[in-house]
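In: Provide a 3D model corresponding to the input given below.
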Amino acid sequence: MIRFLSLRVVGNWGWLQRSQWFDKKRLAHPQHTEENKILGLVFSRDRAMQLDCALRSFFLHCTDAREARLFVIYKATTDLHGRQYAQLAQEYDEVCFLKQKKFRWDVLDLLLQFASDRPAGYVPRPLLTFCGLSGVPCNISLHDPSRSVLFMVDDNVFVRKFSLLQVHKSLIEQQDALGFSLRLGTNTTYCYSLDKAQALPTFASLDGQVLKFNWTRHVDGDFSYPLEVSSSVYRVSELVPLLTSLFFNNPNALEGNMANRAGRFRKRFPYLLCYTRSVTFCNPVNVVQSVYSNRAREGSEYSTERLTELFEEGYRINVNSYRDFVSNACHQDKELVFERN
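Out: Residues are numbered from 1 along each chain as shown. The predicted structure follows:
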């Protein structure tokens, strides 16, 4: 039996044991130790081909990927999609694949346990819903900035070297910064979602690589959108109180509700950090949800059905073909280059 398909929820009021959520081999991996200060959450639905590209490009370009505990929360609407995720779970032994049950609980469970050094499932899930942080029996400190969470989605493509430890260190040092965007930079002069040019903000250089700007003043487009889930890093101490107050059942709703609450951070955290040149972009070649009318490529050339067929035939996206690509936007429609595995 595939390891990650054996996950079980032991009643609403049950306490899950670590062995019921994670494979022992993966827990023994250096990436899954309590010394890790960075949690990575990757969201995916019916996109094994694109998820493979996101993960491979991440491990290709992140110089210290093992510093993060990386989890994929996936949804497969057919058995075929489920089998393809199972194949990826075998190929990426350093990543934990979690089949989506109830999206909000899945996300909050991982975040709370990461913040408290407890195994996932330790907190009774109804407490997550009804009691907020005050009722959670964990040693969570909302004033501890030493843990970060990286959000990713399955159509991310990483294109150049970067360091998660540098990102994490920058967030600790810059306490007035809300997050660190991996998708923004001096090159992102166009907003794909709004289909218009966007002016660059006034940047302050921190160390020649990392930039700092005020997302609350005289900015538009993606630079005025500080809370998102497609490649930004945030301190867990800020994110947990926000997410426990929100209701969401998919990644789009999560981001939408986060973005709608950005105003609460304007005074305390008016800044964002980014690299001089963005290290990733999202390639919107298809759409797998109907809740939000997100802009994407039209046509069936890269439909999920076609990419699923190619995955079955042994094709993968060639991540090296995007090495050092300079995008002009956080989202950019880019031709897919395939190679046969």
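
In: State whether residue 180 is indeed within a strand.
Out: Yes - the assignment for residue 180 (DSSP: H, G, I helix; E, B strand; the rest coil) places it in a strand.

In: That one and residue 151, how far apart?
Out: 11 Å (C-beta to C-beta, to the nearest Å). Bear in mind the C-beta positions are built from the backbone N, C-alpha and C, glycine included.

In: Give me the common contacts of these two.
Out: Both residue 180 and residue 151 are contacted by 232-234, under the criterion C-beta atoms under 8 Å, 6 or more residues apart in numbering.

In: Strands - which of those land there?
Out: Within those, residues falling in strands by DSSP state E are 232-234.

In: could you dump those residues to a markdown table with pLDDT and distance to residue 176?
Out: Below are those laid out as a markdown table (pLDDT from 0 to 100; distance: C-beta to C-beta, whole Å):
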| residue | pLDDT | distance to residue 176 |
| --- | --- | --- |
| 232 | 98 | 16 |
| 233 | 98 | 16 |
| 234 | 98 | 14 |
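
In: Of those, which is the nearest to residue 307?
Out: residue 232 (25.5 Å; C-beta to C-beta).

In: hang on, that closest one packs against residue 171?
Out: No - between residue 232 and residue 171 there is no contact under C-beta atoms under 8 Å: 10.6 Å.

In: who touches both of the two?
Out: 179-180.

In: Report the mean per-residue pLDDT for stretch 269-279.
Out: Throughout stretch 269-279, pLDDT has a mean value of 98.

In: which of the residues in it are buried?
Out: Residues of stretch 269-279 classed as buried: 269-275, 277-279 (neighbour count, 16 or more other C-beta atoms under 10 Å).

In: same deal with stretch 239-250?
Out: 239-240, 242-244, 248, 250.

In: quick one: average confidence on that stretch?
Out: 94.

In: Render the CA-only coordinates of it in CSV, please.
Out: The C-alpha trace of stretch 239-250 is given here as CSV (Å, rounded to 0.1, in the frame of the first residue of the first chain):
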residue,chain,number,x,y,z
LEU,A,239,0.4,33.9,10.6
VAL,A,240,-1.1,31.5,13.2
PRO,A,241,-3.4,34.2,14.9
LEU,A,242,-4.5,35.3,11.4
LEU,A,243,-5.4,31.9,10.0
THR,A,244,-7.1,30.7,13.1
SER,A,245,-9.6,33.6,12.7
LEU,A,246,-10.3,32.8,9.0
PHE,A,247,-12.5,30.2,7.3
PHE,A,248,-11.3,28.7,4.1
ASN,A,249,-11.7,25.4,2.3
ASN,A,250,-9.1,25.7,-0.6
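
In: for that stretch, the distance to its chain's centre please.
Out: 15 Å (C-alpha atoms, centre = their mean, to the nearest Å).

In: now do stretch 265-284
Out: That offset, for stretch 265-284, works out to 13 Å (C-alpha atoms, centre = their mean).

In: okay, how far is it across it, tip to tip?
Out: Its first and final residues considered, stretch 265-284 spans 29 Å by C-alpha to C-alpha, to the nearest Å.

In: do stretch 63-79 as well
Out: 35 Å.

In: likewise stretch 221-230?
Out: 15 Å.

In: Over to stretch 203-221?
Out: So stretch 203-221: terminal residues 16 Å apart, C-alpha to C-alpha.
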